[in-house]
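Peer 1: mind looking at a prediction? Sequence and model below.
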Amino acid sequence: MSYLQETADDFNPDIFCPMDGRTSDSKVCSCTFGCLDLTDQTTNKTTHEYMNEWVQTRLQVYLDRLVESECRRSDRCGACNAPTETVWWCLDCIGAGEVCGECCKVNHRLHPLHHVEKWNGTFFELSWLWRVDTIICLGHGGSPCPGYEKTRDQLEQWCLEFNEVGACDKANPDDPTFGARPKVQHLGTGKVVTIVHTNGFHHLPAYPCICDSAPPVDEQHLAMGLYPASTLDVSTVFTVSVLKHFHLLKVDAHQSTENYCSILQRLMNFIFLEVTPDRKRELGRVWQQWNHLINLKRNGFAHGNTGRSPSNGEFALFCPVCPQVGINIPHNWRDKGPLYLYYRYLVTDGNFVCNHLQIKAMHTPTVSQLGDGKMYMMESTAYQQHLESTTEAHQAPTCYEHRAVTDKNKSKPGYDSTGLVSIACAHHGCFAPWATVDMQKGERQLNSDYAFCQACESTNAEALPAVLFAYDINCQYCVNFRKRISNGQYLSFPSALPVHFLIGLFHVHGHREECLPRFAPTFFPGAGMTSGEILESLWSQLNGAANITRTMTLHNCSEMLDACMADINWQKLQSMVPFLIRQHKRALRESASAETRFSSYNESTSQEQRAKWQAEMDEANRKQIENPSDPSSMDILNPSTTKIESQMAVQIRLMRAEKEANTLVETSGWLSAGIAIQESQLQTRTLVETFHKSPTEARELDLEKKHEVILTRLNDFYSRAASLFPSVKLDRMLSKHADLSDICACEETCGCVAGEELRPWEDAQQAEYSTVPLPSSLDRLPHGWRLLAEREEELRVAQANEALEALRSDIANKLYLYRAN
């Protein structure tokens with residue numbers, strides 16, 4: 001507790017900021033979290049400064065020292081000081097000098113897996129410890145079994161005697177392995193075994209215990225920390241170190257077995273890889289066994305607990321912070337604090353990267369899966385029964401056609417698994433046990449239903465007040481959720497457990513407007529400041545394994561994904577304390593800032609408004625919590641807007657009014673035609689300014705055609721005006737000098753000529769500048785045109801409303817495309 005209290009009081013958030021490129025010989029807190037930097041930062045140098053200094057002062061010195069270390073410096077043994085012709089040098093012992101063969105053997109009785117080199121008169125060449133009589137004795141604490149009736153020195157001589165090799169003999173220069181493996185493998189009761197270690201492959205004689213009560217040879221190897229690849233005739237073993245090392249590289253770096261074995265081969269013989277042992281199949285098989293044994297050991301299935309089989313999801317680690325009855329919340333939790341503190345908050349998403357190729361040769365009934373359904377992946381038999389007994393129901397769309405909905409029945413030829421659907425806790429991003437399933441086509445509801453039901457069961461959600469469930473398409477997924485569960489033969493969900501459906505903050509803005517207040521976590525009491533999109537970050541970690549799991553067997557693929565998800569949850573567990581401290585500090589800062597802004601806004605409203613809004617909000621939240629299947633009560637948060645009347649609707653209404661009153665008939669159509677001509681003129685003027693910057697013949701032709709269209713429409717407009725208003729001379733009533741500033745379409749440099757006299761329509765070059773004789777363009781209105789001006793105003797208002805609505809739609813469409821891509 002002292003560490004936590006000190007960390008909470010003195011927590012420095014700057015240490016989590018990105019590095020600025022400077023390094024130092026800093027002293028960092030010795031705790032496992034590495035949370036506090038105790039260094040004086042005033043003398044730090046950048047990496048470039050260190051490199052420049054090293055190149056100028058140390059490069060040549062370091063090079064000379066490296067070369068000197070590879071030459072023979074003395075004709076005496078560095079350990080016993082005896083003169084010797086054969087000099088050995090260990091590559092793995094720190095600070096080891098040149099020693100004789102006897103001292104090399106004695107020094108490596110406890111380190112038999114080191115790499116050594118031997119002086120051949122010119123340089124140090126690769127050699128092996130079996131050439132200095134190094135052996136491994138199984139049983140009796142590493143000492144020889146008394147049943148051999150020989151001393152250790154006598155046993156050590158056997159290998160060289162059987163192979164007729166002397167310690168001082170030189171290796172065959174034509175042997176690309178440099179004598180890595182003795183030719184004679186069976187040494188009486190002993191045997192030369194291949195040992196796989198983190199630094200490559202080693203061939204060493206192993207002498208088992210031959211006492212009457214001796215366990216089998218494979219168990220003797222295991223007791224020495226050497227995992228056997230087979231049980232009857234052990235010829236290859238793996239050290240515990242190499243299995244741990246390989247496991248970390250698989251789950252963290254997602255390295256394949258082939259690549260790891262290739263590295264081991266290069267460590268053994270960098271030049272002739274083809275003569276090194278190939279243990280890919282053995283390593284893959286042993287890793288599966290080792291991984292399962294470690295899971296059994298960590299979960300208490302050893303030492304007298306062998307009769308019970310692990311239940312589904314029992315090997316999995318779940319979030320240590322999310323509420324779990326009987327584990328991390330008090331027994332009287334219902335009486336402490338609001339109930340939303342104890343909601344189970346889950347999130348689901350589909351992953352189409354972690355797919356699996358369909359390979360017929362892999363579908364063999366004899367393949368056994370270790371830990372099937374015991375961690376995060378589903379139990380294959382029950383899940384297959386669910387798929388066979390369930391049909392994906394067709395559902396009418398209630399929102400936009402999202403890809404997850406439209407492509408849910410889209411198959412992918414050549415794949416038996418198109419991806420994954422997984423469940424995780426929304427606050428901290430820990431995978432839920434027994435809640436990751438394969439997809440056979442798209443993101444179908446039958447896959448998500450099974451994963452969600454298993455997640456609620458494995459996390460004991462039934463004991464909590466409610467479940468918050470975030471999903472990208474929850475506005476459609478939630479519609480028939482209870483019906484699908486009741487119809488599912490292999491689906492089980494507590495009928496009395498309330499489920500509140502939410503949509504992550506990133507995806508909800510791509511839905512319809514009403515989906516935002518209904519499903520956004522921002523508006524649901526108890527959801528907190530959570531995006532509901534944390535699975536996206538988990539996919540980025542898991543996707544690295546897709547390249548190696550795609551061609552595995554299905555069972556091996558599930559075990560690999562289980563191991564990766566277990567490692568992700570374990571890292572979450574390790575870093576949870578500093579993460580919560582960091583979040584707490586951030587919450588305090590954000591809360592103070594939000595309180596200030598809210599107080600400012602709150603003071604700007606009246607007491608009556610606040611009381612009314614609070615009552616409406618309380619009522620909406622009450623209805624939403626009481627009836628989770630109907631979130632429409634939250635629609636009060638949507639802005640109440642009246643649907644605009646389009647320009648066409650206004651024209652229809654005016655034309656009908658003309659007919660009923662039998663006054664100024666056909667004038668509404670004439671006004672609309674004039675407004676349409678003005679819009680064409682504005683578009684043409686914009687093109688003129690664009691074409692003048694880079695004129696071409698094709699553009700000039702296009703411009704002339706537009707001029708002709710405008711002139712034709714102007715002629716028709718004046719002809720209709722002459723028919724409607726025979727006593728009005730419109731060309732004489734136009735303004736001599738029209739103000740072009742109101743309709744200027746130039747973006748940068750204005751090309752309009754102020755004060756220029758406009759010719760109505762005769763000059764085709766000025767067609768886009770000709771004034772259309774609408775009531776708004778005249779200096780004075782003719783007799784009886786007042787009603788005509790009012791009708792034009794109504795059309796102008798509708799025109800402006802349409803333009804604003806089109807602008808809003810374009811912005812929304814651009815936002816949707818941005819989020820979709």
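Peer 2: Looks like it arrived, so ask away. Residues are numbered from 1 along each chain as shown.

Peer 1: please make it C-alpha for all contacts and neighbour counts, starting now.
Peer 2: Fine.

Peer 1: tell me the pLDDT of Gly225.
Peer 2: Among the per-residue scores, Gly225 shows a pLDDT of 95.

Peer 1: same check on the one 4 residues further on?
Peer 2: Reported pLDDT at Ala229 in the predicted model: 96.

Peer 1: so it touches Val286, yeah?
Peer 2: Yes - counting by C-alpha atoms under 8 Å, Ala229 does reach Val286; the two are 6.2 Å apart.

Peer 1: compare neighbour counts for the two and give me the winner.
Peer 2: Ala229 (22 against 19; other C-alpha atoms under 10 Å).

Peer 1: centre-most residue in this protein?
Peer 2: Ser540 (2.5 Å; C-alpha atoms, centre = their mean).

Peer 1: helix or strand: which one has it?
Peer 2: helix 534-542 (DSSP states H and E).

Peer 1: for that helix, give me every contacting residue.
Peer 2: 347-349, 351, 354, 424, 426-429, 561, 564-565 (C-alpha atoms under 8 Å, 6 or more residues apart in numbering).

Peer 1: and for Thr530, the neighbour number?
Peer 2: So Thr530, with other C-alpha under 10 Å, has 16 neighbours.

Peer 1: apologies, that question was intended for Lys643.
Peer 2: As a burial measure, Lys643 scores 7 neighbours (other C-alpha under 10 Å).

Peer 1: did I read that right, it in a helix?
Peer 2: No - read with DSSP: H, G, I helix; E, B strand; the rest coil, Lys643 is coil and lies in no helix.

Peer 1: got a pLDDT number for it?
Peer 2: The model's pLDDT for Lys643 equals 77.

Peer 1: same deal with Ser629?
Peer 2: Note on Ser629: pLDDT of 84.

Peer 1: which element is it on?
Peer 2: Counting by DSSP H and E, Ser629 is part of no helix or strand.

Peer 1: can you check the one 10 residues further on too?
Peer 2: Following DSSP H and E, there is no helix or strand that holds Pro639.

Peer 1: helices of the stretch 451-600 of the chain, start to end?
Peer 2: Along the stretch 451-600 of the chain, the stretches classed as helices by DSSP state H, counting those that start in this stretch are 474-477, 481-487, 505-508, 515-519, 534-542, 546-549, 554-574, 576-603.

Peer 1: include mean pLDDT and distance to Glu401 when you put those helices into JSON lines, please.
Peer 2: Output for the helices of the stretch 451-600 of the chain, formatted as JSON lines (pLDDT from 0 to 100; distance: least, C-alpha to C-alpha, whole Å):
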{"stretch": "helix 474-477", "mean pLDDT": "93", "distance to Glu401": "10"}
{"stretch": "helix 481-487", "mean pLDDT": "94", "distance to Glu401": "19"}
{"stretch": "helix 505-508", "mean pLDDT": "93", "distance to Glu401": "13"}
{"stretch": "helix 515-519", "mean pLDDT": "94", "distance to Glu401": "14"}
{"stretch": "helix 534-542", "mean pLDDT": "95", "distance to Glu401": "21"}
{"stretch": "helix 546-549", "mean pLDDT": "94", "distance to Glu401": "28"}
{"stretch": "helix 554-574", "mean pLDDT": "95", "distance to Glu401": "31"}
{"stretch": "helix 576-603", "mean pLDDT": "92", "distance to Glu401": "36"}
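
Peer 1: can I get the ones you listed in a markdown table including distance to Ser235?
Peer 2: Output for the helices of the stretch 451-600 of the chain, formatted as a markdown table (distance: least, C-alpha to C-alpha, whole Å):
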| stretch | distance to Ser235 |
| --- | --- |
| helix 474-477 | 56 |
| helix 481-487 | 54 |
| helix 505-508 | 56 |
| helix 515-519 | 61 |
| helix 534-542 | 35 |
| helix 546-549 | 28 |
| helix 554-574 | 24 |
| helix 576-603 | 44 |
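
Peer 1: of all those helices, which one is nearest Arg720?
Peer 2: Nearest to Arg720 among the helices of the stretch 451-600 of the chain is helix 515-519 (49.8 Å), distances taken as C-alpha to C-alpha.

Peer 1: alright, calling it a day.
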